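**Q** Compute the structure for the input listed below.
(one chain, ligands or ions: 1)
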Amino acid sequence: MLQLKNLELSCAKERWFRPPVWNSILHDINLKVQARELVALVGGSGEGKSLLLQSILGLLPSTMRSSGQILIDDCIINAAQQQTLRGNTLGYIPQSVSALNPLVQTGKQIQRATKLSGKTPSYQTILQQLQQYNLPEKLLEQYPLSLSGGMAKRVLVSCATLSQARFILADEVTAWLDNHHAEILLSHLKSLCQQGRGVLWITHDLHLAANFADRIAVLHQGTIKEVIHSSALRHGGGSSWLQSLWQALPEQHFIHTPEPLYHAANA
Ligand SMILES: Nc1ncnc2c1ncn2[C@@H]1O[C@H](COP(=O)(O)OP(=O)(O)OP(=O)(O)O)[C@@H](O)[C@H]1O
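**A** Residues are numbered from 1 along each chain as shown. Below you'll find the model as predicted:
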């Protein structure tokens, strides 16, 4: 199990000739991702979702600091362990496709990423993965700049899913993708969960979250306001704000207009 306990994150605001002021971005973050579980993390833009994943990986910018505990199987992991667990126990799918090096062929990047987990998959396994994601074999020879955004995103997903990472931290895997390809990826992540992995998946798509995630965590105003089983959301559960957002989806026939602010419904 991957667990976050009382995680806090703040960013330094530099000042001339004076110590920096620390502005809080995240506070009181408590969240668990079990093996075999897909947890969706939803929240507005700029709420700190990507930074939350980066703090789990120990990849925060130097202007930020975090506190609290990150545990794997009930053992607290320190900064040095974070480094060795990256790409190994902790897989990462970054939000931006610019994470691919434009000067290195795609196949080499997949090989390098998966090597971090200590076991390079066979060529045949890589090919099967590409086929599953509707990607051609020739892509392995191509450089990232010749890929579409959706292709590049699927390459980044392949880097994490082909590794042996027990927990995959996935930042907006469905961005750049049409619905068909988004569902292929999510079905695959779900099948990896069924094989024993755990996935923490940032998304803005509540409809996909409700259909693919086991649980949904809502990040708002710097903290996790609620965590709900997706089946409960589909059956009318959760806060009135989350439920009205759910009901307002086109797939739910636009029943309500959601309150723009979370606290308006929870005041
Ligand atoms: N490297 C950085 N240095 C300083 N501030 C940053 C840095 N990265 C992010 N931030 C700030 O931290 C806040 C949270 O950013 P983050 O990218 O985690 O949001 P998010 O919830 O993932 O947003 P989105 O849904 O738009 O991707 C934002 O205000 C952002 O401007």
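**Q** Secondary structure class of the nearest residue to residue 63 once chain neighbours are set aside, three-state.
**A** Closest residue to residue 63 apart from its sequence neighbours, by C-beta to C-beta, 6 or more residues apart in numbering: residue 12 at 4.7 Å. All C-beta atoms are positioned from the backbone trio N, CA, C, and that covers glycine. Classification of residue 12 using DSSP: H, G, I helix; E, B strand; the rest coil returns strand.
**Q** which residues of this protein fall in strands?
**A** Counting by DSSP state E, residue ranges of the strands within the chain are 2-15, 18-33, 38-43, 64-72, 75-76, 90-93, 167-171, 198-202, 215-220, 223-229.
**Q** Kindly reformat these as JSON lines containing distance to the ligand, mean pLDDT and mean neighbour count.
**A** Listed next are those as JSON lines, based on distance: least, C-beta to the nearest ligand atom, whole Å; pLDDT from 0 to 100; neighbours: other C-beta atoms under 10 Å:
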{"stretch": "strand 2-15", "distance to the ligand": "5", "mean pLDDT": "92", "mean neighbour count": "16"}
{"stretch": "strand 18-33", "distance to the ligand": "5", "mean pLDDT": "92", "mean neighbour count": "15"}
{"stretch": "strand 38-43", "distance to the ligand": "6", "mean pLDDT": "95", "mean neighbour count": "24"}
{"stretch": "strand 64-72", "distance to the ligand": "7", "mean pLDDT": "95", "mean neighbour count": "16"}
{"stretch": "strand 75-76", "distance to the ligand": "23", "mean pLDDT": "96", "mean neighbour count": "10"}
{"stretch": "strand 90-93", "distance to the ligand": "13", "mean pLDDT": "95", "mean neighbour count": "26"}
{"stretch": "strand 167-171", "distance to the ligand": "7", "mean pLDDT": "97", "mean neighbour count": "24"}
{"stretch": "strand 198-202", "distance to the ligand": "6", "mean pLDDT": "97", "mean neighbour count": "26"}
{"stretch": "strand 215-220", "distance to the ligand": "7", "mean pLDDT": "94", "mean neighbour count": "22"}
{"stretch": "strand 223-229", "distance to the ligand": "12", "mean pLDDT": "95", "mean neighbour count": "17"}
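**Q** Now do the contacts for the residue nearest to residue 63.
**A** Contact analysis of residue 12 by C-beta atoms under 8 Å, 6 or more residues apart in numbering lists 20, 21, 22, 23, 63, 64, 65.
**Q** now do residue 38
**A** By C-beta under 8 Å, 6+ apart, residue 38 lies in contact with 189, 190, 193, 198, 199, 201, 212, 213, 214.
**Q** Mind doing that once more with 10 Å?
**A** Contacts for residue 38 (C-beta atoms under 10 Å, 6 or more residues apart in numbering) come out as 168, 170, 186, 189-190, 192-194, 197-201, 209, 212-216, 230.
**Q** next one: residue 116
**A** 84, 85, 86, 87, 88, 90, 91, 159, 163, 164, 165.
**Q** Looking at those residues, which is nearest residue 47?
**A** Nearest to residue 47, judged by C-beta to C-beta, of the contacts of residue 116 is residue 90 at 21.5 Å.
**Q** pretty sure the closest one is touching residue 77, no?
**A** Yes. Because the distance of 9.1 Å satisfies C-beta atoms under 10 Å, residue 90 is recorded as touching residue 77.
**Q** okay, and the common contacts of these two?
**A** In terms of C-beta under 10 Å, 6+ apart, residue 90 and residue 77 are both contacted by the residues 2, 56, 58, 70, 84.
**Q** Please report the distance of the second one from the ligand.
**A** With distances taken as C-beta to the nearest ligand atom, to the nearest Å, residue 56 is found 12 Å from the ligand.
**Q** dump the residue contacts of that residue.
**A** Residues counted as contacts of residue 56 (C-beta under 10 Å, 6+ apart) are 2, 4, 7, 31, 33, 66, 70, 72, 77, 82, 85-86, 90, 92, 167, 169, 200.
**Q** any idea how far it is from residue 72?
**A** Between residue 56 and residue 72 the distance, using C-beta to C-beta, to the nearest Å, works out to 10 Å.
**Q** Need the overlap of contacts for these two.
**A** Contacts common to residue 56 and residue 72, judged by C-beta under 10 Å, 6+ apart, are 2, 85, 90, 167.
**Q** Spatially nearest residue to the third one (excluding sequence neighbours)?
**A** For residue 90, the nearest residue in space outside its immediate sequence neighbours is residue 167; the separation is 5.5 Å by C-beta to C-beta, 6+ apart.
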